[in-house]
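Peer 1: Predicted model and sequence below, questions to follow.
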Amino acid sequence: MDKKRDSKFVLGDEELLSPPPTLRPSKSHPLFSELAQLTEEDSGELQWKQRARWVKYEESVEQGGNRWSKPHVATVSLHAILELRNYLNSNLVLLDVPARSMEEVADHLLDNLVENGILEQEKRMEVKAVLLRRHTHLYNQQQLTPDSSMAKIPVIRSLAEIGRSISSKSTGAIATSGGGSGDGMSRTKTQESGMETEDGHLSPNPNPKGNKQFMRKIPKGSEVSNILVGEMNTLRKPIAAFIRLAEAVNLGAVSEVPLPTRFLFVLLGPKGRMEKYNEVGRAMATLFSDDIFHEVAYKARSRTHLLEGVDDFLEHTTVLPPGTWDPSIRIEPPEKLPPKKGGGGGEQGDNGSGGDGSGNGEELDSEAEEEEEQRLREENGLTRTGRLFGGLCNDIKRKVPWYWSDFKDAFSTQCVASWLFLYFACLTPIITFGGLLGKATNNNMAAIESLVSGFICGIGYGFLSGQPLTILGSTGPVLVFESILVQFCESYELNYLEFRLWVGIWVTIILFIFVALDASAYVCFITRFTEENFATLIALIFMVEAVKNVGEIGENFPVNKFADHSNGYSCECLPNNTLEYEQDNVTWEYVKFHECEVAPYFGRLVGAGCGYIPDVFLMSVCLFIGTFLVSLYLKDFKNSSFFPTSIRQVVSDFAVIIAIVSMTLFDMYMKLRTPKLQVPERFEPTLPTRGWLINPFGGNPLWTIFAAPAPALLATILIFMDQQITAVIMNRKEHLLKKGCGYHLDLMILAGLICACSFIGIPWFVAATVLSMNHVNSLKMESESAAPGEKPKFLGIREQRVTHVLIFLTIGLSVFMTPLLKNIPMPVLYGVFLYMGFSSLKGMQLFDRILIMFMPTKHQPDHMFLRKVPLGRVHLYTVIQLACLIMLWIVKSVKKISILFPMMLVIMICVRKLLDYVFTKRELKILDDILPKSTRPASKTDHSGKGDGKGKAADLENGSNYNNNFQIMVNGAPLDRKVSVNVTEEINKTGIWSNLNIQNGGLIERNRNSAKDALNEEERQRLT
């Protein structure tokens, strides 16, 4: 084929040149596709009626004609796709047509149809009349009836007017005949309809505004592809045309939405095959919704490129056997789609175990990924800089540009919901921890000291830290450490707070040294294996402690199983004989027990059952379970089918707050004496003999200053591991954080806060894993304009500092909100604990793998690691990880050895290193993360730009054709689907293709008298 371009913009023949670069689309846009069908109304009027639309998934007009179907995955028959390919191969392909209106598009199309002998000249007017018929859409069908004046748009004009309307700058002059009388007649009808534009062209636009309500579902910058299918009595054979406009143009009411049209596909044929035409139109729209063909359509320079796009689509199409599937069944859109990485062949390569010819490619991919991991570690400050405080300086440089945006980005109702939720989530453990700490430290530090520590540490960390998403809190290991320190001081008769001050000073010094030496860089050895063990342990602690606390309520208020008089549980209200006034007018049998001893009765309760408070434990269980279930259900309410999206999102954001308020109101209505939240009412130290400032030289021997480094080193390991493991979990790459990490800066700020807390004599706060994970989960952002049927896309976390600051500001002010907070039942807050622990486990791979161990193979979910790793190896990895988790639980639970908990986390890292000798590198890469190497591997990746991908892209830019390897860009990344089978050659051999070539409704028989019109190589040689 010779690459010469004619003036008709008919591409695909080998004698055509590529279109001028100025006319081709500069870039691709998202597409909204619409299928319209030519229908005849009862009045005999023809009009184009909308039948289906695609943003990503298909929505069809139901048979009733007055509502849209649910969005579903488009399913088209293989025959329809092959017939569509047939039309693209043998009919018109008009690329980069410089039309500005639907009338100009019709003129271009008809000129080429007539010139190529596909359409007879005498049928031109009738076909044009059909193309310019009125378009109606589902949203306005009730507004436009067939009897309205808008339905009577004249479409037949004289030959003279048509001749003058053809633009001489487009495809060249077409010889036409005409006269003045016809022009006058047509103009009169046009003026009566009120639908004539300034340039004399018809505009089929009864509603220029379009369906603007649906616009929020369409991505910004989208363009339209219109598919028109219909049947005409006068046609003997189908005519089809694929049209790409040089510039996207708003064609008015042709489209449902007020967006410019870029593509049109027209299919008109004889009567009796409307169902087939409709299926071909659906196939065309489905191709447009495919990412690959979408890019091909924008960048194609010839018919061949479009055919290659169809062949690629066929190569990756799944065919369902007709006897096992009902085509009328609508497939629900999937929860998530596979990643677009490396095209369609990536999965196969991943699943393979590395055979001949593929090992080198896998090795190169592995080394490229290792280089990418190394680059990410450098960006996140997880590599040694080789200079003092180098990591800290880099963290500050990384975070300073984002500091102002950390406050601006908080203007969202989602942040308000997160603040209120985390306030209650943080307040309860602080008060509970304060009570336990008071018992352990002989009230040297208790609830009020914990509130003050939360206020100071929370606000300081929120304003100055590198990762303000991390929530500080009190932890169990810190409580154990404080208990051991108290016992040591009692043994040597030392002042506990003074000795603790020196321990805190040494902890600060050691952490300061860690920051100077970039010790946080070793955090990169904490992989998912250690992260999940630690996070699962903390989540289980939250859940177990919540249930245990509710059980303690049952011990204090046991269930009364024998509440009758015969078993000694009687109680009655009697008059108080010691009173001086008479009480004869009171019916004492009807006085409620809780009103008996107060005004106006002032009676007395008599009986063995009077000290029993009924139903407290049962009510507590109801509040506990109710809070958990309401929070869990409302959090997922955004995915339900009720109410508009905005309302569902608000309910989901405020789920926990709604649960707390509703259960508290329910408790107040029942008026039972359930345990309530106890908040200190006065701002003063718990122990009257101490002040708010600790004297470092108050009376302890001098040797205690030099003895303090020993316990300080243990505390440093505890704090470092607690802080950095939580920070690693917060900074996971799946959270899509954009503002960077700050491991060194966080540790520096924490060191300063520990020093300040030691001087004031208040508890040390470190990163709390479960609270931090719930903070991140409450700030997840999702796309607002999702295509119908498409699940909202996760966009990342709303990174800001305001919620952290507000949480701990209100915690500090809780002392002044005691009258309000004392009405909240403790079982409600225990229910919040259970919810936080459970929600932290959701999405954790370890939790999923534990559940899989108890599932039959056929019921196991379709996780990617199950596809790529043998099930036995997955179970072995899970058993090892579960054994480590049990070991951590035992160490945490046994008080005598619980202080060694931080060392166990270090042992977890060593265990993970030993797994390199048990599992292959590929298995660990899928189930965990690859440990960093001591030295950076040399790059073997070819960056010269001479690879196949770039060469193919260059071939496309030059308009050349290569065999079914079409290099395109999807979402800014090259996607190369390598077709292993030449689809064109294989299709040509099939019987169905031969049938399409000869059947009446299939391929258009063109006058092929020269080699340029040949359909295959054999015919080309014969005609030559």
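Peer 2: It's in. Residues are numbered from 1 along each chain as shown.
Peer 1: Low-confidence stretches in the stretch 701-850 of the chain?
Peer 2: Low-confidence segments of the stretch 701-850 of the chain, defined by pLDDT under 70, span residues 785-787, 789.
Peer 1: How are the strands of it distributed by residue range?
Peer 2: Assigned by DSSP state E, counting those that start in this stretch, the strands in the stretch 701-850 of the chain fall at 766-767, 780-782, 794-797.
Peer 1: And the stretch 1-150 of the chain, by the same measure?
Peer 2: Taking DSSP E, counting those that start in this stretch as the criterion, the stretch 1-150 of the chain carries its strands at 31-40, 46-54, 58-60, 92-97, 135-136.
Peer 1: now the stretch 401-550 of the chain
Peer 2: Assignment of strands within the stretch 401-550 of the chain using DSSP E, counting those that start in this stretch yields the ranges 472-473.
Peer 1: the helices in it, which residues?
Peer 2: Remark: helices of the stretch 401-550 of the chain, listed N- to C-terminal, are 405-408, 413-440, 447-464, 476-491, 496-516, 528-556; assignment by DSSP state H, counting those that start in this stretch.
Peer 1: what's the least confident stretch among those?
Peer 2: Across these, helix 476-491 has the smallest mean pLDDT, namely a mean of 81.
Peer 1: mind exporting that one as PDB, just the C-alpha atoms?
Peer 2: The C-alpha trace of helix 476-491 is given here as PDB (Å, rounded to 0.1, in the frame of the first residue of the first chain):
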ATOM      1  CA  GLY A 476       0.900  -0.900  78.000                       C
ATOM      2  CA  PRO A 477       4.700  -1.300  77.900                       C
ATOM      3  CA  VAL A 478       5.100   2.200  79.300                       C
ATOM      4  CA  LEU A 479       2.800   1.300  82.200                       C
ATOM      5  CA  VAL A 480       4.900  -1.800  82.900                       C
ATOM      6  CA  PHE A 481       8.100   0.300  82.800                       C
ATOM      7  CA  GLU A 482       6.600   2.800  85.300                       C
ATOM      8  CA  SER A 483       5.600   0.000  87.600                       C
ATOM      9  CA  ILE A 484       9.100  -1.500  87.600                       C
ATOM     10  CA  LEU A 485      10.600   2.000  88.200                       C
ATOM     11  CA  VAL A 486       8.300   2.500  91.200                       C
ATOM     12  CA  GLN A 487       9.300  -0.800  92.700                       C
ATOM     13  CA  PHE A 488      13.000   0.100  92.200                       C
ATOM     14  CA  CYS A 489      12.500   3.400  94.000                       C
ATOM     15  CA  GLU A 490      10.600   1.800  96.900                       C
ATOM     16  CA  SER A 491      13.400  -0.700  97.300                       C
END
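Peer 1: buried residues in it?
Peer 2: Buried residues in helix 476-491, counted by 16 or more other C-beta atoms under 10 Å: 476, 477, 478, 479, 480, 481, 482, 483, 485, 486, 489. The way it works is simple: take the backbone N, C-alpha and C, and place the C-beta from them, glycine included.
Peer 1: Distance to residue 308 added to those residues, as CSV?
Peer 2: Formatted as CSV, the entries for the buried residues of helix 476-491 read as follows, by distance: C-beta to C-beta, whole Å:
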residue, distance to residue 308
476, 63
477, 62
478, 64
479, 67
480, 67
481, 68
482, 71
483, 73
485, 74
486, 77
489, 80
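Peer 1: Give me the pLDDT for the closest residue to residue 618 other than its chain neighbours.
Peer 2: Closest residue to residue 618 in three dimensions, ignoring its sequence neighbours and counting by C-beta to C-beta, 6 or more residues apart in numbering: residue 559, at 6.7 Å. Predicted confidence (pLDDT) at residue 559: the value is 71.
Peer 1: and the gap between residue 559 and residue 627?
Peer 2: In this structure, residue 559 and residue 627 are 21 Å apart, going by C-beta to C-beta, to the nearest Å.
Peer 1: quick one: which of those two has more around it?
Peer 2: Under the criterion of other C-beta atoms under 10 Å, the comparison of residue 559 against residue 627 puts residue 627 first, with 27 against 12.
Peer 1: per-residue confidence at the more buried one?
Peer 2: At residue 627, the predicted lDDT confidence score is 90.
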